[in-house]
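Participant: everything below, folded, please.
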Amino acid sequence: MKNFVVKTIANAGALAVAVWLLDKITLTGDSTAKKAGTLIVVALLFGLVNWLVKPIVKVLTFPLFILTLGLITLVVNALMLMLTSWLCDKLDLSFHVDGFWTAVVGGLIISVVSWALNVVLPDGKD
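Facilitator: I've put the predicted structure just below:
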């Protein structure tokens, strides 16, 4: 359970950095508390998308992973971020990613920051 909470916090932090750095990734809200709550929900949704959909996409695009020496990962991460944005729109959450190239850069930022936070934060394993 601790590991799940830590990963969700890392995802929320990584999403916050992407929102802060990129103008075309937006998170709106009336107050800081509402934005933080929305960010946690988006992080949960992003984690769910990465847990359910990403493995299927990776299996289906396996030849492209070999052909591009793994660079297709950037595209897959961008698609997961765009899917999260689409789901947030359907769930009436105030998170939006505007465009594919923004999603590529955002996915790269989220991957790097999430990795760094997972290194720093405890994983909950005893």
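Participant: what's the local residue count around Gly29?
Facilitator: Neighbour count of Gly29, defined by other Cβ atoms under 10 Å: 15. C-betas here are computed from N, CA, C, even on glycine.
Participant: my guess is it contacts Ile40, does it?
Facilitator: No. The pair Gly29 / Ile40 is not scored as a contact, 12.0 Å apart, by Cβ atoms under 8 Å.
Participant: quick one: average confidence on the helix or strand hosting Leu117?
Facilitator: Assigned by DSSP states H and E, Leu117 belongs to helix 100-120. Mean pLDDT, computed over helix 100-120, is 93.
Participant: what does stretch 28-47 give?
Facilitator: Mean per-residue pLDDT for stretch 28-47: 92.
Participant: so which bits of that stretch are buried?
Facilitator: For stretch 28-47, a neighbour-count test (16 or more other Cβ atoms under 10 Å) marks Lys35, Thr38, Leu39, Val41, Val42, Ala43, Leu45, Phe46, Gly47 as buried.
Participant: give me the most central residue, this protein.
Facilitator: Phe46 (5.0 Å; Cα atoms, centre = their mean).
Participant: residues contacting that residue?
Facilitator: Residues near Phe46 by Cβ atoms under 8 Å, 6 or more residues apart in numbering: Asn11, Leu15, Met80, Leu81, Thr84.
Participant: including pLDDT and neighbour count, could those residues go into TSV?
Facilitator: Shown next, in TSV, are the contacts of Phe46 (pLDDT from 0 to 100; neighbours: other Cβ atoms under 10 Å):
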residue	pLDDT	neighbour count
Asn11	91	24
Leu15	94	26
Met80	95	19
Leu81	96	27
Thr84	96	24
